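**Student:** structure, please.
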Amino acid sequence: MGLTREDVPSSPLTSSSSTSFDSERDSIETQRPARPIRSSHDYDTEEDDSEDLIYATSDSRRPSGHKSSPSTSRLLDATGGDGGEPASPQDERKQQELRRAYELGDEGEGSYGAASRPRDLLQAIKGFFARNNGFLLIASSQFFFASISTCVKLLQERVEMPVWEIILVRMSATWLGCYLYMRWTDVEHPLLGPPGVRLLLAARGFVGFFGLFPGYYALRYISLSDATVLSFLAPVLVGILAFFLLKEPYSRTEGLAALFSLFGTILIAKPTFLFPPSITDPVEPGKDVVTPQERTRAVFIALGGTLGAAGAYVIIRKIGKRANALHSISYFSIWCCIVSSLYPFVFNAPPVFEFTRSFFALIIPIGVFGFCAQALLTLGLQREKAGRGTLAVYSNLLFAMILERLVFNKYPDLLSLLGAAIIVGGAVKVALEKSKMTDAQVLKSEEAKLEEGELLRRLSEDDVEEPLGLGRGMAGSR
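**Tutor:** Numbering: from 1, shown residues only. Take a look at the predicted model:
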């Protein structure tokens, strides 16, 4: 027969021991200071905010169970565990590792890490655009320029639209957009420009027309990528023209780049007296065949346009900062419109107009993209250094090759690719050389200003330190 707890007489020793143990435990609980317990919000934000701490009062009781049972929290307490003493360095290091693992969500259960990853990615994207906004604006403008050239080539091949009419449509929209933008931003003299440089602005517009017209004309006979590459010869020609007209220095590097660029131009033109007919003859069944003579002539016409563009750049350099960049674009646009309007009367070239969807789908983007390209290019050049800005301009070739593949289903041949690489490489080298020279001049100018300021400061200090009546300043006379 088993014995129950009621059958066993209570021993005084046992009863007193139990009572003393309970009272001792209660006294310890009462004397122990209240210690903070971190809430889940505290773990998520990592902020030791007093409002997020829940204090255990002396009247509260711990939940029953063994005190070494594992905690439900993924983080350790800031205290050492039982007595509230500060944790050891090893424990603190472990706490930091656990906190990092929880925030990054390494085990797949932390909500903070999973939520922070999209925010971090968004911040990284915003930072990238903030650091490279000028470069991206210039590259975007080159996409619009390449799109304009694509529309021009399509209009000449499908509609046989004359070049002067294309220029008139594009530049009318560009001039209107520039004028309205200058009025909106309160630019002085939006119509005629500053009084002192109006003649130079008119020359820039007139010469600029002869830089634009030949390039559009050559698109009828050469590929989009080849015409784009030939336009990259402008920086090389600018150095030569600036040497003779503006008396600017011309380095040996620019001369070597000009020679290499000439070799690249020959590879693109493929003249018949240097290359066999098997290389120069195009293979395009079902289309009008462009003869090697027409191709070579178109390349030299495009080179004439590049020379005109280089002359316009030299005039812009002569104008300097005496006029707003929008004044230059406005004069360029209005003079292109004037000369284009006279072209059909001189050369008996009637306009072509069709009331079809395909025609409007090609002619409208030329006007809209023209203004967008000029505006983005102007904004980008205001925010980007000359060297990086020039590199962004050469993205035009990449866009031209992509559009040529998508629209015309064409690939540039090996000789054209080699010539393009030579021309672009020479142009980039010249641009970087000019950028270094400009930076050196700016640094030298800043150093001169600093030295002048330091000299003035020393002179003023000497005037103050010398006795009245003996100094070099006006202290004695006053």
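**Student:** name the SS class of Glu188, please.
**Tutor:** Applying DSSP: H, G, I helix; E, B strand; the rest coil to Glu188 yields a three-state assignment of coil.
**Student:** in contact with the closest residue in space to it that isn't next to it in sequence, which residues?
**Tutor:** Take Glu188 and drop its neighbours on the chain: the residue closest to it by Cβ to Cβ, 6 or more residues apart in numbering is Pro194, 7.2 Å away. Where you see a C-beta, it was placed from the backbone N, CA and C, and this is true even at glycine. Taking Cβ atoms under 8 Å, 6 or more residues apart in numbering as the definition of contact, the neighbours of Pro194 are 188, 322-323, 327.
**Student:** same deal with Leu391?
**Tutor:** Listed by Cβ under 8 Å, 6+ apart, the contact set of Leu391 reads 135, 428, 431.
**Student:** now do 7 Å
**Tutor:** Listed by Cβ atoms under 7 Å, 6 or more residues apart in numbering, the contact partners of Leu391 are Val428.
**Student:** distance of it relative to Ala431?
**Tutor:** Using Cβ to Cβ, to the nearest Å, Leu391 is found at 7 Å from Ala431.
**Student:** that older thread, make JSON lines out of the contacts of Pro194 and add secondary structure, pLDDT and distance to Leu201.
**Tutor:** As requested, the contacts of Pro194 are exported to JSON lines (DSSP: H, G, I helix; E, B strand; the rest coil; pLDDT from 0 to 100; distance: Cβ to Cβ, whole Å):
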{"residue": "Glu188", "secondary structure": "coil", "pLDDT": "91", "distance to Leu201": "14"}
{"residue": "Arg322", "secondary structure": "coil", "pLDDT": "91", "distance to Leu201": "10"}
{"residue": "Ala323", "secondary structure": "coil", "pLDDT": "91", "distance to Leu201": "6"}
{"residue": "His327", "secondary structure": "helix", "pLDDT": "93", "distance to Leu201": "6"}
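**Student:** just the buried residues from those residues, in PyMOL please.
**Tutor:** Typed into PyMOL, the next command selects the buried ones out of those (criterion: 16 or more other Cβ atoms under 10 Å):
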select buried, resi 323+327
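**Student:** quick one: which of the contacts of Pro194 is nearest to Phe213?
**Tutor:** Nearest to Phe213 among the contacts of Pro194: His327, at 21.9 Å, using Cβ to Cβ.
**Student:** about what we covered before: pull the most distant pair out of the contacts of Pro194.
**Tutor:** Greatest spatial distance among the contacts of Pro194 (Cβ to Cβ): Glu188 and Arg322, at 11.8 Å.
**Student:** need the strands for the stretch 51-200 of the chain, in chain order.
**Tutor:** With DSSP state E, counting those that start in this stretch, the ranges of strands along the stretch 51-200 of the chain come out as 53-55.
**Student:** Gly134 and Glu384 touch, don't they?
**Tutor:** Yes. Gly134 is within contact range of Glu384, at 2.9 Å (criterion: Cβ atoms under 7 Å).
**Student:** ranking helices and strands of the protein by mean pLDDT, which lands last?
**Tutor:** When each helix and strand of the chain is scored by mean pLDDT, DSSP states H and E, strand 53-55 comes last, with a mean of 41.
**Student:** ok, the residue nearest to Glu188 to Leu200 distance?
**Tutor:** Shown here: Pro194 relative to Leu200, a distance of 10 Å by Cβ to Cβ.
**Student:** now stretch 255-268: buried residues?
**Tutor:** Buried residues in stretch 255-268, counted by 16+ other Cβ under 10 Å: 257-258, 260-261, 264-268.
**Student:** in strands, which of those fall?
**Tutor:** Assignment to strands by DSSP state E places none of these there.
**Student:** arrange those in JSON lines, one row each, with pLDDT and distance to Val207 as further columns.
**Tutor:** Shown next, in JSON lines, are the buried residues of stretch 255-268 (pLDDT from 0 to 100; distance: Cβ to Cβ, whole Å):
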{"residue": "Ala257", "pLDDT": "86", "distance to Val207": "23"}
{"residue": "Ala258", "pLDDT": "85", "distance to Val207": "21"}
{"residue": "Phe260", "pLDDT": "88", "distance to Val207": "26"}
{"residue": "Ser261", "pLDDT": "87", "distance to Val207": "21"}
{"residue": "Gly264", "pLDDT": "90", "distance to Val207": "25"}
{"residue": "Thr265", "pLDDT": "89", "distance to Val207": "21"}
{"residue": "Ile266", "pLDDT": "88", "distance to Val207": "26"}
{"residue": "Leu267", "pLDDT": "89", "distance to Val207": "28"}
{"residue": "Ile268", "pLDDT": "88", "distance to Val207": "24"}
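**Student:** can you lay out the residues you listed as CSV showing distance to Phe145?
**Tutor:** Converted to CSV, the buried residues of stretch 255-268 look like this (distance: Cβ to Cβ, whole Å):
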residue, distance to Phe145
Ala257, 23
Ala258, 24
Phe260, 25
Ser261, 20
Gly264, 21
Thr265, 20
Ile266, 25
Leu267, 23
Ile268, 19
